[in-house]
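Enquirer: what would the 3D arrangement of this be:
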Amino acid sequence: MSINYITKRFTLAAALLLLSTQFCHAHVHTLAEADTIIAILLFVVVLLSMLGAFGLRHSKIVHQRNEQLLRILHTLDDYHAIVGDKAVTLNKQEEMTKERFPKPTTAKAAQTDGCHAFYVKMDARLNKEKPFTAPDFDQKALAEFMEVSLELFRKLVPRFKEPDRTLDYINSLRAEYGAKLLMEQSGRLDEDIASMCGFCNVAAFHKAFKFAFGITPTDYQNGMTKMFKNE
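Expert: Take a look at the predicted model:
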């Protein structure tokens, strides 16, 4: 919650209390009546503050989810731009990446393109081999999977420098895999799907899935089933 937001709320509370005091004095209310009016006004201020805080938190969650969706879309665009609609091997993908992003002329550009190529290759390998299905798969495990040091990994993928951001990325991959399993194995319980995706429990699966897709796994499955029936 920002300082400006808190300042505005305290200013509003002080103004309401001042107005209520003047109102009670002008209308010659008893002390008990004045206390009641002030208590009601304080309740209104507290309620407005809580609603404002909830609005700020909701906006933050929506912003984070939109950022996650943009990451997925950008990754898909990068992948399709490189491999097109054909299924190719990882080695072929790497060759096509080098062809699409030729050797740059400056050191800074070389580092940027190198980071981009590493990320595309990493994302392709993760989606193919699915090492994230292990519950203990974290930033360190991801660096080892890509056969680089943890320090180098953070340089190659600066957006995932923080372990928590890396875990968000891993959980998004787990959620995407969970969406696939929900369609392929509709009879499975959520507990089974969560375990197969690498989540420690159902609650973590539901949280990551809703963050990635905006709906619960059950609503997703029902919606997809209904869509296929209509088709």
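
Enquirer: chain neighbours aside, what residue packs nearest to Phe209?
Expert: Distance criterion CB to CB, 6 or more residues apart in numbering; nearest residue to Phe209, sequence neighbours excluded, is Ala175 at 4.6 Å. Where you see a C-beta, it was placed from the backbone N, CA and C, and this is true even at glycine.

Enquirer: show me what contacts the one you found?
Expert: For Ala175, the contacting residues are Cys197, Phe205, Ala208, Phe209, Phe211, Ala212, Phe213, by CB atoms under 8 Å, 6 or more residues apart in numbering.

Enquirer: against Arg57, how distant is it?
Expert: Ala175 sits 21 Å away from Arg57, going by CB to CB, to the nearest Å.

Enquirer: low-confidence bits of the protein, can you list those?
Expert: Regions of the chain meeting the criterion pLDDT under 70 cover residues 1-10, 12-31, 33-34, 38, 58-113, 228-231.

Enquirer: can you list the contacts of Ala175 in CSV and add secondary structure, distance to His116 and neighbour count?
Expert: Formatted as CSV, the entries for the contacts of Ala175 read as follows, by DSSP: H, G, I helix; E, B strand; the rest coil; distance: CB to CB, whole Å; neighbours: other CB atoms under 10 Å:
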residue, secondary structure, distance to His116, neighbour count
Cys197, helix, 27, 25
Phe205, helix, 30, 25
Ala208, helix, 25, 25
Phe209, helix, 28, 29
Phe211, helix, 25, 17
Ala212, helix, 23, 22
Phe213, helix, 26, 20
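
Enquirer: tell me the one of the residues you listed nearest Glu151?
Expert: Ala208 (27.3 Å; CB to CB).

Enquirer: my read: that closest one touches Cys200, true?
Expert: No - taking contacts as CB atoms under 8 Å, Ala208 lies outside contact range of Cys200: 11.0 Å.

Enquirer: how long is stretch 196-204 end to end?
Expert: One end of stretch 196-204 sits 13 Å from the other (CA to CA, to the nearest Å).

Enquirer: for that stretch, which positions count as buried?
Expert: If you call a residue buried by 16 or more other CB atoms under 10 Å, then stretch 196-204 has these buried ones: Met196, Cys197, Gly198, Phe199, Val202, Ala204.

Enquirer: which of these lies closest to Asp168?
Expert: Lowest distance from Asp168 to the buried residues of stretch 196-204 (CB to CB) belongs to Ala204, with 12.0 Å.

Enquirer: the helices in the protein, which residues?
Expert: Per DSSP state H, the chain has helices spanning 3-26, 31-83, 90-100, 107-129, 139-145, 150-156, 163-184, 190-197, 202-213, 217-230. These are given in chain order.

Enquirer: what's the angle between the last one and helix 202-213?
Expert: It stands for helix 217-230. 60 degrees (axes from the mean of the first three to the mean of the last three CA atoms, to 10 degrees).

Enquirer: which strands and helices sit next to helix 217-230?
Expert: The elements that helix 217-230 packs onto, with contact taken as 3 or more CB pairs under 8 Å, 6 or more residues apart in numbering; DSSP states H and E, are helix 163-184, helix 190-197, helix 202-213.

Enquirer: good, we can wrap up now.
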